[in-house]
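below are the sequence and a predicted model for it; my questions follow.
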Amino acid sequence: MTIRQRVEQLIEVLPEVYPGAHCELDFKTPLQLLVATILSAQCTDKRVNLVTPKLFARYRTAADFAEAPQETLENEIRSTGFFRSKAKSIRATAAAIAEGHGGKVPETMEALHELPGVGRKTANVVLGNAFGKEEGVVVDTHVARLSQRLRLTKQTVAEKIEGDLMKVVPRERWTIWSHWLIWHGRRRCFARRPDCRHCEIFRLCPRGKIFIRTGEARPEEAGAVSA
């Protein structure tokens, strides 16, 4: 089976397995999603969603976040981890939006990527989920892990994995493709002990039989991917 054939079959099966797949970060505006995505680095979406309601109630505009005292913002997001660098990134990004974009989150990859602390992954999250624009594939640790296990790529660097996926996944599926793999990674294809015995896409996974036999993933397959 070729990679394209595997992708085609996955596109048939995954919508049936996860018909409600979506971004699990809670947000109402592009700015809220941008902030939540920054907070989600090395943190679970569940934890971020516990922090953001009070945060978004207090800071409603980019200017609000930009003008927030560093120490105050740090304390408000402390539980998400790496709170000093995240607070700094949020304030700098918000200031750039307030000063250079009239307070509105830009809608292009180029403009988003120019914002302080906003990489391609974060830009893809915002473009795909806040603006409905298919500019790329979000590659987090789940997408990277599953893409490697499904033999859709041999790459280990996020942007190179994304490049391989963009070649075989139809453009109109780029955003939902990430959601499907993230949902499967969180619910079935775990890093260290994938639940192969109950996996809905087991027949399409070249690594499945190895995991069944060994009982766990190899260390190199459970590791983090380079950003």
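Good, I have the coordinates.

could you give the mean pLDDT of the lengthiest helix in the chain?
With residue count as the measure and DSSP state H as the assignment, the chain has helix 83-100 as its longest helix. Here the mean pLDDT over helix 83-100 is 98, rounded to a whole number.

who's in contact with that helix?
With contacts defined as Cβ atoms under 8 Å, 6 or more residues apart in numbering, helix 83-100 is touched by 31, 34-35, 38-39, 41, 61-66, 68, 70, 73-75, 77, 80, 103-106, 114-118. The C-beta positions use only the backbone N, C-alpha and C, and glycine is treated the same way.

pull out the buried members of the residues you listed.
When neighbours are counted using 16 or more other Cβ atoms under 10 Å, these contain these buried positions: 31, 34-35, 38-39, 41, 62, 65-66, 68, 73-74, 77, 80, 105-106, 115, 117-118.

among these, which lie within helices?
Residues from the buried ones among the contacts of helix 83-100 lying in helices, with DSSP H as the criterion: Leu31, Leu34, Val35, Ile38, Leu39, Ala62, Phe65, Ala66, Leu73, Glu74, Ile77.

those: which two are farthest apart?
Of all pairs drawn from these, the one with the largest separation by Cβ to Cβ is Leu31 and Glu74; the distance is 19.3 Å.

in this structure, where is pLDDT below threshold?
Residues of the chain that meet the criterion pLDDT under 70 lie in 214-227.

one more time with 80, if that's ok
Using pLDDT under 80 as the threshold, the predicted model of the chain has low-confidence ranges 208-227.

what is the neighbour count of Ala123?
Taking other Cβ atoms under 10 Å as the neighbour definition, Ala123 ends up with a count of 24.

host element of it?
For Ala123, the element it lies in under DSSP states H and E is helix 120-130.

packing partners for that helix?
Using 3 or more Cβ pairs under 8 Å, 6 or more residues apart in numbering; DSSP states H and E as the contact criterion, the neighbours of helix 120-130 among helices and strands are helix 30-39, helix 109-113, helix 158-168, helix 174-187.

relative to helix 120-130, how tilted is the longest one?
Using axes from the mean of the first three to the mean of the last three Cα atoms, to 10 degrees, the inter-axis angle of helix 174-187 relative to helix 120-130 is 110 degrees.

who are the packing partners of helix 174-187?
Under the contact criterion of 3+ Cβ pairs under 8 Å, 6+ apart, the helices and strands touching helix 174-187 comprise helix 3-17, helix 120-130, helix 141-149, helix 158-168.

looking at those, spot the one closest to Pro206.
helix 141-149 (7.6 Å).

how far off centre is the closest one?
Per Cα atoms, centre = their mean, to the nearest Å, the displacement of helix 141-149 from the mean C-alpha position of its chain is 12 Å.

so that helix versus helix 174-187, what angle?
90 degrees.

who touches helix 141-149?
Looking at helix 141-149 with Cβ under 8 Å, 6+ apart, the contacting residues turn out to be 137, 139, 153-154, 156, 158, 161, 164-165, 178, 181-182, 184-186, 189, 191, 194, 205-207, 221-222, 224-225.

just the buried ones from these?
Judged by neighbour count, with 16+ other Cβ under 10 Å as the criterion, the buried members of the contacts of helix 141-149 are 137, 139, 153, 158, 161, 164-165, 178, 181-182, 184-185, 189, 194, 205, 207, 221, 225.
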